[in-house]
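*Asks:* From the sequence below, what's the structure:
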Amino acid sequence: MSILSSSDTNSLKREVGHLAVWSVTSAKAGNGVEMLRDGSTETFWQSDGLQPHLINVQFQRKVPLLELQMYVDYKLDESYTPSRVSVRAGHTYQDLKEVRVLELEEPSGWVVIPLTADDAPHEPLKAFYLQLAVLANHQNGRDTHIRQVKVFSARTDAQRLLPCSMTTPQMSMFSTVR
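*Replies:* Numbers count the residues shown, from 1 in each chain. This next block holds a predicted model:
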């Protein structure tokens, strides 16, 4: 787990959250699941109910996943800030397996959760279903605030897949299949 600045980018991955259907177990009125994906760190999803609070991300096809990022801010949210989270993955809701469990110590900013194995950091996790579970909050808070969530996959480079280089202007026009 690491915390990134918002300007940290990586050309080897791409955000794939827009390909999924998102749902949550509960939400306060006006602070629903759409707040997780609105691109603003000023808005937040707020749960409403008993823990664990779940964010479900369901893809139509099996997706190779590299990491999950969530934006949380202890300074603004205090007892609403997650202190312990679990990431689970699988084919369906019924067969989810725990991939990571993280303890967060007053986080502020983007929290990066790798979805790769420790011994194979470049081998993505392949799943149809991803779940982020908030198991506990700071100061024993009941409800939680999460400001943004992003899911990243490996970027496929069409140039690497070709048997020859298509870098000249004359050859690049033949680099894609119609």
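*Asks:* Please enumerate the helices of this structure.
*Replies:* Counting by DSSP state H, the chain forms helices over residues 74-77, 158-161, 169-172, given from the N-terminal end onward.
*Asks:* mean confidence for the last one?
*Replies:* On average, the pLDDT along helix 169-172 is 66.
*Asks:* How about the first one?
*Replies:* Confidence over helix 74-77, taken as the mean pLDDT, stands at 97.
*Asks:* any idea how far that helix is from the chain center?
*Replies:* Centroid separation for helix 74-77 versus its chain: 20 Å, with C-alpha atoms, centre = their mean, to the nearest Å.
*Asks:* Take it, keep the C-alpha atoms, and write them as CSV.
*Replies:* In CSV, the C-alpha atoms belonging to helix 74-77 read as follows (Å, rounded to 0.1, in the frame of the first residue of the first chain):
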residue,chain,number,x,y,z
TYR,A,74,-8.5,11.7,7.4
LYS,A,75,-8.1,15.5,8.0
LEU,A,76,-11.6,16.2,6.5
ASP,A,77,-13.5,13.0,7.4
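*Asks:* residues of it that come out buried?
*Replies:* Buried positions in helix 74-77, judged by neighbour count with 16 or more other C-beta atoms under 10 Å: Tyr74, Asp77. Yep, even glycine has a C-beta here, placed from its N, CA and C like the rest.
*Asks:* what's the single longest strand in the protein?
*Replies:* Using DSSP state E to define each element, the chain has its longest strand at strand 53-73.
*Asks:* Note down every partner strand of it and its orientation.
*Replies:* Strand pairing for strand 53-73, using DSSP bridges, gives strand 20-24 (antiparallel), strand 108-114 (antiparallel), strand 125-137 (antiparallel), strand 148-154 (antiparallel).
*Asks:* pull the CA atoms of the third one into CSV?
*Replies:* Included here for strand 125-137 are C-alpha records, laid out as CSV according to Å, rounded to 0.1, in the frame of the first residue of the first chain:
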residue,chain,number,x,y,z
LEU,A,125,-5.3,-10.5,-11.3
LYS,A,126,-8.0,-11.6,-13.7
ALA,A,127,-11.6,-11.2,-12.4
PHE,A,128,-15.2,-10.4,-13.4
TYR,A,129,-16.0,-9.1,-9.9
LEU,A,130,-14.1,-6.9,-7.5
GLN,A,131,-15.2,-5.8,-4.1
LEU,A,132,-13.8,-3.2,-1.7
ALA,A,133,-15.0,-3.9,1.9
VAL,A,134,-14.5,-1.3,4.7
LEU,A,135,-14.1,-3.4,7.8
ALA,A,136,-13.4,-0.6,10.3
ASN,A,137,-13.1,3.1,10.6
